[in-house]
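[1] here is my input, please return the structure:
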Amino acid sequence: MHNLYEQFRQLIPAPPLQAGTVIDVGSALVTVALPGGGRIKARGSAALGQKVFVRDDAIEGIAPSLTLEIIEI
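    Just a heads-up that it's a prediction; the model follows:
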């Protein structure tokens, strides 16, 4: 017999991993500027100007400082 709850959870997509630059640092939250122009608040600690990976409003780690190229489709 299949687990119906697990089948339902597989229908919901996982939150995407995004990379951005820290533009504001607070006590428990940082503001991250995304490449497309959006801004999100994330839990965690990072230095101002640092590139970070963010998923589900939490900082997952430090992102490499590479050049960014946006391609319009």
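[2] all contacts plus neighbour counts: C-alpha atoms, from now on.
    Fine.
[3] show me the shaky parts of the chain.
    1 (pLDDT under 70).
[4] show me the strands in it, by range?
    For the chain, strands defined by DSSP state E occupy the ranges 18-25, 29-33, 39-43, 51-55, 58-62.
[5] so which of these gets nearest residue 4?
    strand 51-55 (26.4 Å; CA to CA).
[6] about what we covered before: and the strands of the chain, which is most packed in?
    strand 29-33 (a mean of 22; mean count of other CA atoms under 10 Å).
[7] state the distance from residue 19 to residue 41.
    The gap separating residue 19 from residue 41 is 13 Å, by CA to CA, to the nearest Å.
[8] what do you get for residue 17?
    Separation of residue 17 from residue 41 (CA to CA) stands at 14 Å.
[9] before we move on, the earlier item: between the strands of the chain, which gets nearest to residue 71?
    Closest among those, using CA to CA: strand 18-25, at 15.8 Å.
[10] who touches the closest one?
    Under the contact criterion CA atoms under 8 Å, 6 or more residues apart in numbering, strand 18-25 has outside partners 30-35, 45-55, 63.
[11] the closest residue in space to residue 33 that isn't next to it in sequence: what's it in contact with?
    In this structure, residue 33 finds its nearest non-sequential neighbour in residue 39, 4.5 Å apart by CA to CA, 6 or more residues apart in numbering. Residue 39 sits next to 31-33 when contact means CA under 8 Å, 6+ apart.
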